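# Provided below are the primary sequence and the corresponding predicted coordinates.
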2 protein chains.
Amino acid sequence: MSKLLQDAVNELSKLPGIGRRTALRLAMHLLRTDTDSVVQMTSAIERFRKGIRYCSQCNNISDTEICPICTDATRDRTTVCVVEQVADMLSIENTHQYRGLYHVLGGVISPMQGIAPSDLKIDLLTERIERGEIKEVIIAISTSVEGETTLFYIMNRLRRYPGLKVTAIARGIGFGDEIEYVDELTITHALMNRREIE
Amino acid sequence: MSKLLQDAVNELSKLPGIGRRTALRLAMHLLRTDTDSVVQMTSAIERFRKGIRYCSQCNNISDTEICPICTDATRDRTTVCVVEQVADMLSIENTHQYRGLYHVLGGVISPMQGIAPSDLKIDLLTERIERGEIKEVIIAISTSVEGETTLFYIMNRLRRYPGLKVTAIARGIGFGDEIEYVDELTITHALMNRREIE
């Protein structure tokens, strides 16, 4: 087999969710794509990897010292939504319903993976709070064991700020989810947090 | 959103089977990967795209004028297996059961996609046959309408070589396939080509 193909397949199959078969299919696709387009892709990846920075305020990825969300004057600077990772922030942004700021933790507390609270950007969050502008912190972390641990840890840390409102996003049954297949914990939460129909 | 991230996601989502969500997940993975490893990947892709050639004998992709299979002296040069694309050849190679040579057509006849017989490497195949060494041509093309058309077209073209044996790979029910779910045409073929149990 061609060494060039083998190298390309080896590298592509290091990507998550891409096995050797898919990597080969991708390589064959690249062979049918003109060279300029392939170079356009590889250079976009390199520029991204080499040029990306982290917002010094919210830890969002950014092309600049402070990210466009933190500098956006039209956004509500009194509300901060705490997320695990950039992808979560992008999902919330896609709803176009949230107009506050964000805070990207960069992970969740996980003794198994050796991630301690000090590895997350929690100090950066308390520094922001101490500057006094923030009135509400919304915690939007996934409901895994690690996520819940992180939620409780942060809630504990934020108790020292008496005027601060700390909320967590609602747990419940997602739109389109069939109750039959939803796990017990989610159903329990959904029942406890039931709302009167108006 | 970061322009650098946006560019990387745009480029990655041009790959087949990779939507924007997966592209974003890949980009986030690349951000956690060290820069050297990312550059190693992008340069392997570029070297592959720019450096790859097609074997002047069998049309297999190759790093050299003639591919390693065609130059391999231990292989049976009297048998040639005709495949649609390089990926099919690699699948057959993975069985380690076939020791002959190959011939990569580079597609199948498809009036819908504007692929005529002259777009495939059929002349290159007949030239090889006319050199006299080949005794058997095995046609290993998928059983689509286009595949069958191509099979019959090639069989027709090869009729002018009286000493040449032309065969097609067996159609039947695959290992692990449940007969209940196998299509009628395959079952019909499997019944017609039944073998006595020894």
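Arrived safely. Quick caveat: nothing in here was measured; it's all calculated off a predicted structure.

# Neighbours of the nearest residue to residue A:15 once chain neighbours are set aside, how many?
Of all residues not flanking residue A:15 in the chain, residue B:26 sits nearest, at 5.7 Å (Cβ to Cβ, 6 or more residues apart in numbering or on different chains). The C-beta positions use only the backbone N, C-alpha and C, and glycine is treated the same way. The number of residues packed near residue B:26 is 21, by other Cβ atoms under 10 Å in any protein chain shown.

# hang on, residue A:7 is in a helix, isn't it?
Yes. According to DSSP: H, G, I helix; E, B strand; the rest coil, residue A:7 belongs to a helix.

# picking that back up, next helix or strand past the strand or helix carrying the residue nearest to residue A:15?
Element membership of residue B:26, judged by DSSP states H and E, is helix B:20-32. Following the chain from helix B:20-32 toward its C-terminal end, the next helix or strand by DSSP H and E is helix B:35-51.

# packing partners for that next one?
In this structure, helix B:35-51 makes packing contacts with helix A:3-12, helix A:20-32, helix A:35-51, judged by 3 or more Cβ pairs under 8 Å, 6 or more residues apart in numbering or on different chains; DSSP states H and E.

# what residues does the helix or strand just after the longest one touch?
It refers to helix A:35-51. Note on helix A:35-51: by DSSP H and E, the next helix or strand toward the C-terminus is strand A:53-54. Applying Cβ atoms under 8 Å, 6 or more residues apart in numbering or on different chains, the set of residues contacting strand A:53-54 from outside is A:60-65.

# near chain B too, which of those residues?
A:61-63 (Cβ under 8 Å from any Cβ of the partner chain).

# Nearest residue to the residue positioned nearest the centre of chain A in space, please, no chain neighbours.
The residue lying closest to the centre of chain A (Cα atoms, centre = their mean) is residue A:85, at 2.3 Å. In space, and not counting its chain neighbours, residue A:85 is closest to residue A:104: 6.6 Å by Cβ to Cβ, 6+ apart.

# so what's residue A:146 up against?
A:108-110.

# Which ChimeraX command selects the buried ones in the contacts of strand A:53-54?
To isolate the buried members of the contacts of strand A:53-54 in ChimeraX, using 16 or more other Cβ atoms under 10 Å in any protein chain shown:
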select /A:60,61,62,63
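
# Let's see which of the contacts of strand A:53-54 end up in strands.
A:61-62 (DSSP state E).

# Nearest to residue B:172 among the contacts of strand A:53-54?
Minimum separation from residue B:172 among these (Cβ to Cβ) is found for residue A:61, which lies at 52.7 Å.

# doesn't residue A:52 make contact with the closest one?
Yes. Counting by Cβ atoms under 8 Å, residue A:61 touches residue A:52, with 5.3 Å between them.

# hey, where'd the strands end up in chain A?
For chain A, the strands defined by DSSP E cover A:53-54, A:61-62, A:76-83, A:100-104, A:136-140, A:165-168.

# can you count the residues close to the residue nearest to residue A:28 when sequence neighbours are not counted?
Closest residue in space to residue A:28, ignoring its immediate chain neighbours: residue B:87 at 5.8 Å, by Cβ to Cβ, 6+ apart. Neighbour count of residue B:87, defined by other Cβ under 10 Å: 14.

# contacting residues around residue B:87?
Taking Cβ under 8 Å, 6+ apart, one finds A:24-25, A:28 in contact with residue B:87.
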